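Peer 1: Fold the stuff below for me.
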Amino acid sequence: MGLDARPLIRFCSKAPSSWLPLLLSAVLGLALVGCSAAAAGLNSFASPDGRYAFLYPTGWTRVQVSGGPQVVFHDLINSDETLSLVISDVTPDRDLEQLGSAVAVGEKLRRTVIAPAGSGREADLVEARQRETGGHTFYDLEYAVHLSDRDRHELATVVADRGRLYTFAASTNELRWPRVKELFERVIGSFTLQI
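Peer 2: Numbering: from 1, shown residues only. As a prediction, the model looks like this:
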């Protein structure tokens, strides 16, 4: 965190030994507060059928969308910041790797969902990587999206399970991206399959 520990070390070396337990408990207490702060600001969401779960930012609200994503949340203050989950059917015996590499799946999503022909949007796949979590393969994808009046940034994770393809995405305008990058990474990385 960039703190200089030298004054504390000098103080500890001159403090009476009876202060050591008190000082140690104070330092441990601060460390625990710092650890819990890293997870602060997130609420949990689980599907009614128990199939999946994820974290979403405090202050965001769920909105109902007909004919669109299965789940949508948006920020109450910055309403163009969204979190969505799309569930699609795939052949039950196909796993994610059979659909292609992280780059191939990321490019297909870019062309067919994020910036299809005629949409007026352009998108670049910035990064595509694979990770293993809970016995499932996930593809984590990052996009820079260009619209006629503004630029956006989107993170997504994709996983296949039992004939379903889950695409979980978080999106914001490019100006806010530096402020929410770490938060969005935690949210996207929190998506898990439960059963």
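Peer 1: Any idea how many residues pack against Thr157?
Peer 2: 21 (other C-beta atoms under 10 Å). Yep, even glycine has a C-beta here, placed from its N, CA and C like the rest.
Peer 1: Packing partners of the strand or helix carrying it?
Peer 2: Using DSSP states H and E, Thr157 falls within strand 151-161. Where contact means 3 or more C-beta pairs under 8 Å, 6 or more residues apart in numbering; DSSP states H and E, strand 151-161 is packed against helix 96-99, helix 102-109, strand 136-146, strand 164-173, helix 177-189.
Peer 1: Tell me the first helix or strand C-terminal of the worst-scoring helix or strand of the chain on mean pLDDT.
Peer 2: Every helix and strand in the chain was compared by mean pLDDT, DSSP states H and E; the lowest is helix 20-39, with a mean of 38. Scanning forward in sequence from helix 20-39 by DSSP H and E, the next helix or strand is strand 42-46.
Peer 1: Quick one: mean pLDDT over that next one.
Peer 2: Taken as a whole, strand 42-46 carries a mean pLDDT of 97.
Peer 1: For that strand, which outside residues touch it?
Peer 2: Residues outside strand 42-46 that contact it (C-beta atoms under 8 Å, 6 or more residues apart in numbering): 52-58, 60, 62, 71, 73, 186-187, 190, 194.
Peer 1: from the chain's centre, how far out does stretch 157-177 sit?
Peer 2: How far stretch 157-177 lies from its chain's middle: 8 Å, per C-alpha atoms, centre = their mean, to the nearest Å.
Peer 1: buried ones in it?
Peer 2: Within stretch 157-177, the residues that count as buried by 16 or more other C-beta atoms under 10 Å are 157-161, 165-173, 176-177.
Peer 1: circling back to that earlier point, can you flag the buried ones in the contacts of strand 42-46?
Peer 2: By 16+ other C-beta under 10 Å, those give 52, 54-57, 60, 71, 73, 186-187, 190 as buried.
Peer 1: ok, those residues vs Asp93, which is closest?
Peer 2: Distance to Asp93, by C-beta to C-beta, is smallest for Tyr52 among the buried ones among the contacts of strand 42-46, at 20.2 Å.
Peer 1: Return the distance of that closest one relative to Ala169.
Peer 2: Relative to Ala169, Tyr52 is positioned 14 Å away (C-beta to C-beta, to the nearest Å).
Peer 1: joint contacts of those two?
Peer 2: With contacts taken as C-beta under 8 Å, 6+ apart, the residues that reach both Tyr52 and Ala169 are Leu85.
Peer 1: OK, contacts around the residue minimising distance to the centre of the chain?
Peer 2: Among the residues of the chain, the one closest to the centroid is Ile188, at 2.1 Å (C-alpha atoms, centre = their mean). The neighbours of Ile188, taking C-beta under 8 Å, 6+ apart as the test, are 140, 155-157, 168-170.
Peer 1: Present those as CSV; the columns should include pLDDT.
Peer 2: Listed next are the contacts of Ile188 as CSV, based on pLDDT from 0 to 100:
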residue, pLDDT
Asp140, 98
Leu155, 98
Ala156, 97
Thr157, 98
Phe168, 98
Ala169, 97
Ala170, 97
